[in-house]
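Enquirer: generate coordinates for the sequence data below:
(chains A, B, C and D)
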Protein chains: 2
Amino acid sequence: MSDTPQRQQSKRPRVTIVDVANSAGVHVSTASRALNPGTSHRISSKVVRKIEKVAEQLGYKRNSLASSLRTQKTGTIGLIVPNLSDPLFSPIIASVEERVAQDGYVTFVANSDYSPAKLRSIVERMSGQFVAGLVVASFELNDPSVDLCLELGIPTVAVLRDPRDARISSVAMDDASGVQAMVEHILDLGHRDITYVTPPLAASTAQNRLVGFNAATRLAKAAGCRFNVVEARAYDVVEGERIMTDMLASGLTSTAVLAFNDLLAVGCLVALKSAGVACPGQISLTGVNDLPFMNMLSPPLTTLHTAGRDLGFESADLLMSLIKNHVQPVKRVLLTPHVVLRGSTGPARKSEPTSDPSSIAARSGAITV
Amino acid sequence: MSDTPQRQQSKRPRVTIVDVANSAGVHVSTASRALNPGTSHRISSKVVRKIEKVAEQLGYKRNSLASSLRTQKTGTIGLIVPNLSDPLFSPIIASVEERVAQDGYVTFVANSDYSPAKLRSIVERMSGQFVAGLVVASFELNDPSVDLCLELGIPTVAVLRDPRDARISSVAMDDASGVQAMVEHILDLGHRDITYVTPPLAASTAQNRLVGFNAATRLAKAAGCRFNVVEARAYDVVEGERIMTDMLASGLTSTAVLAFNDLLAVGCLVALKSAGVACPGQISLTGVNDLPFMNMLSPPLTTLHTAGRDLGFESADLLMSLIKNHVQPVKRVLLTPHVVLRGSTGPARKSEPTSDPSSIAARSGAITV
DNA sequence: ATGAAAGCGCTAACAA
DNA sequence: TTGTTAGCGCTTTCAT
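Expert: Have a look, this model is predicted:
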């Protein structure tokens, strides 16, 4: 760390539209019209060209604050995620930003930290900044902030997590069917005692995945299989490790563990390794999201792929059209997650009665189903 | 995907400070002063309380656009990164956002996509939004956008990548010393033929790491060791795989490969596995950054730890004080990366003459040096 | 096709 | 301590 001379800001006075008008020898309103795509056709093209030239020469930049104050429109949208550090949100952030930039919008990003109270205050703050719209990945089920957004009149689209409010559009993964497919894969492998690790059911993701698990297991349960749900308190690796350690300590009988997401699954994997339990030899393990590097773990993690870029793009696209057409049908988009078969799932260790003992999927490399 | 009834926005008329003043029976300016932390002490506390109560009841929210237009100050800062999808930037984004939120600022995030031209246009766009300051992780060496920021009078702090401009503060990792430490670790393991994979030298990170590599190898080179630098064209996994595949095809003699970053290293690892080359048995491999899950790879990757949260926090902190005190000494902060020893590095495969054949570091688990 | 004038909502001299 | 007044830079009726 080194200190050097004083720093100076030049801060030259900014060129305004008045300067442009004066230099061009026209009235401000003429300059304004000429410089606005929507109104420039009302000005003779000769004058438009002249004004544009002068503006260019003077280095004129529109003051978007003043413009927005007058028009009651801003070129900004807000993106709220529950955890900025979770790699799951990186592609969502990137693709939302890309999509809205196509329409000239810039993106505010904020972190709600899985707290409805923080979400509320962020919405208020962003409303104060007059965002043109909001993409929200932080909504819980029946989140009161949905009301807030609607009251404030902010066009809002939910992404990833769906608050299940009939008044609001959403783009999410079809979690239920995804988990269902995963359970079927596990059953195909001959597992007859399966544990699912769920977080608290605050969000749609948590609820839908549990629904999917229960739906998939209903029939098998009648046939004598054992299914078990364990509740985690968080969504991260540390919690996954804690959960699995606990389960092992209290005599886990399951031969397969499905985790709510990859982070919990990775935590489980850490715990398994520490305990010297083979995966998938003794216990098969799966996650959800297919985060970066999940294909590089040892064993590579079988998981459901979450199309982060698609989620972000679709939701931003929906928001853009919502902003353009002030009234619009509510859409509820569901993207289908696909099972990515990798090395963390394998045949059940104890041979149990199986109606269909064949179909053991190949597991070399990553096979997408 | 389902369509349902029409959606409606309520968009009730917004309460202004005039409404508050009228309801409270005072003049607008009094209301303004009462509602501003900096001036409320000039108003009798009785009146302040009354105004605050009325504002609360009416649901008054300051119009920050109008406020900013008048004061020429905004509560927004810009954060520009070269790749929003790279997990490296997640903790930087999160911590910058957290730090500036402490001072009531919201954060614009944008992706420059490793393009100086895009960076320039983003800076211009953000300047148009009147950001109070900029944290930039996208600067290349002698980046022309530095001039632009200075001309526009925007307080700017560089993070991670240092443009090496005497007029601008920066917070970065001490890349040179980090790589130097890494080379020493590799030499200690007995390696005498080492390859370093560098990206193009556009950024300070690339240049400094190469400098560190060269400095560390200078003496050893005189003692007959072989060092070799290979240039990659990008920073990602795919490129790492390509590079390593190429090197193997053209008869790689090195027993250790140092990659510019973890992504390249992971790519190299993929190629090694495909080619059936043992790591670290035949080739040791290292990365830089210590991205999430690098400790879970097989083998776990030896790397330099980049303190993303510290980088973000420090740079944002610097920016906040730069905004407060309009003139301020330029600071150049360097954080020390530490070597994280893991399983991807081991003793050299061919025993070569070694001046110091002892000191083979333990490699079970992650040991931080 | 262009000019005149008002005003978006707020803050900050200047008065009193 | 409070009120008066002007104006940040822009867009947009309403005239001409």
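Enquirer: how about the helices of the stretch 251-369 of chain A, start to end?
Expert: A:262-275, A:308-324 (DSSP state H, counting those that start in this stretch).
Enquirer: adding mean pLDDT and mean neighbour count, write these out as a markdown table.
Expert: Backbone N, C-alpha and C define where each C-beta goes, glycine included. Formatted as a markdown table, the helices of the stretch 251-369 of chain A follow (pLDDT from 0 to 100; neighbours: other Cβ atoms under 10 Å in any protein chain shown):
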| stretch | mean pLDDT | mean neighbour count |
| --- | --- | --- |
| helix A:262-275 | 97 | 23 |
| helix A:308-324 | 96 | 21 |
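Enquirer: nearest to residue B:30, out of the ones you listed?
Expert: Residue B:30 lies closest, by Cβ to Cβ, to one member of the helices of the stretch 251-369 of chain A: helix A:308-324, at 37.0 Å.
Enquirer: helices or strands up against the closest one?
Expert: helix A:90-102, strand A:133-136, strand A:156-159, strand A:169-173, strand A:329-335 (3 or more Cβ pairs under 8 Å, 6 or more residues apart in numbering or on different chains; DSSP states H and E).
Enquirer: who's in contact with it?
Expert: The contact list for helix A:308-324, computed with Cβ atoms under 8 Å, 6 or more residues apart in numbering or on different chains, reads A:77, A:88-96, A:98-100, A:103, A:105, A:132-135, A:155-160, A:169-173, A:328, A:331, A:333, A:335, B:7.
Enquirer: neighbours of residue A:109, how many?
Expert: 25 (other Cβ atoms under 10 Å in any protein chain shown).
Enquirer: just to be sure, it is in a helix?
Expert: No: Residue A:109: not assigned to a helix; according to DSSP: H, G, I helix; E, B strand; the rest coil it is strand.
Enquirer: and the closest residue to it other than its chain neighbours, what does it touch?
Expert: Sequence neighbours aside, residue B:109 is the residue nearest to residue A:109 in space, at 4.4 Å (criterion: Cβ to Cβ, 6 or more residues apart in numbering or on different chains). Residues near residue B:109 by Cβ under 8 Å, 6+ apart: A:93, A:97, A:107-109, B:78-81, B:84, B:93.
Enquirer: looking at the residues you listed, spot the one nearest residue B:37.
Expert: Using Cβ to Cβ, these come closest to residue B:37 at residue A:108, 22.7 Å.
Enquirer: neighbours of residue A:67, how many?
Expert: Residue A:67 has 18 neighbours, counted by other Cβ under 10 Å.
Enquirer: quick one, phi/psi of it?
Expert: Main-chain dihedrals, residue A:67, degrees, to the nearest 10: phi -60, psi -50.
Enquirer: return the residues in contact with residue A:305.
Expert: A:289-290, A:337-340, A:368.
Enquirer: pull out the buried members of the residues you listed.
Expert: Neighbour counting with 16 or more other Cβ atoms under 10 Å in any protein chain shown marks A:289-290, A:337, A:339-340 as buried within these.
Enquirer: now do residue A:67 against DNA strand C, distance only.
Expert: 9 Å (Cβ to the nearest atom of the strand, to the nearest Å).
Enquirer: now residue A:337
Expert: In terms of Cβ to the nearest atom of the strand, residue A:337 sits 45 Å off from DNA strand C.
Enquirer: and the residue nearest to residue A:104 when sequence neighbours are not counted, how many neighbours?
Expert: Using Cβ to Cβ, 6+ apart and skipping residues adjacent in sequence, the residue nearest residue A:104 is residue A:75, 5.7 Å away. By the criterion of other Cβ under 10 Å, residue A:75 has 17 neighbours.
Enquirer: how close does residue A:75 sit to residue A:320?
Expert: Residue A:75 is 12 Å from residue A:320, where distance means Cβ to Cβ, to the nearest Å.
Enquirer: shared neighbours, the two?
Expert: With Cβ under 8 Å, 6+ apart as the test, residue A:75 and residue A:320 both reach residue A:105.
Enquirer: what would the helices of the stretch 251-369 of chain A look like in a markdown table with distance to residue B:315?
Expert: Formatted as a markdown table, the helices of the stretch 251-369 of chain A follow (distance: least, Cβ to Cβ, whole Å):
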| stretch | distance to residue B:315 |
| --- | --- |
| helix A:262-275 | 27 |
| helix A:308-324 | 26 |
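Enquirer: in the lengthiest helix in chain A, which residues are buried?
Expert: Ranked by residue count, the top helix of chain A under DSSP state H comes out as helix A:204-222. Across helix A:204-222, burial judged by 16+ other Cβ under 10 Å covers A:204-214, A:216-217, A:220.
Enquirer: which pair of these spans the longest distance?
Expert: Every pair of the buried residues of helix A:204-222 checked by Cβ to Cβ; the farthest is A:204 and A:220, at 24.8 Å.
Enquirer: of the helices of the stretch 251-369 of chain A, which is nearest DNA strand C?
Expert: Counting by Cβ to the nearest atom of the strand, DNA strand C lies closest to helix A:308-324 out of the helices of the stretch 251-369 of chain A; the figure is 19.3 Å.
Enquirer: report the angle between the axes of that closest one and strand A:329-335?
Expert: With axes from the mean of the first three to the mean of the last three Cα atoms, to 10 degrees as the basis, helix A:308-324 and strand A:329-335 are set at 180 degrees to each other.
Enquirer: so how far is helix A:308-324 from its chain's centroid?
Expert: 12 Å (Cα atoms, centre = their mean, to the nearest Å).
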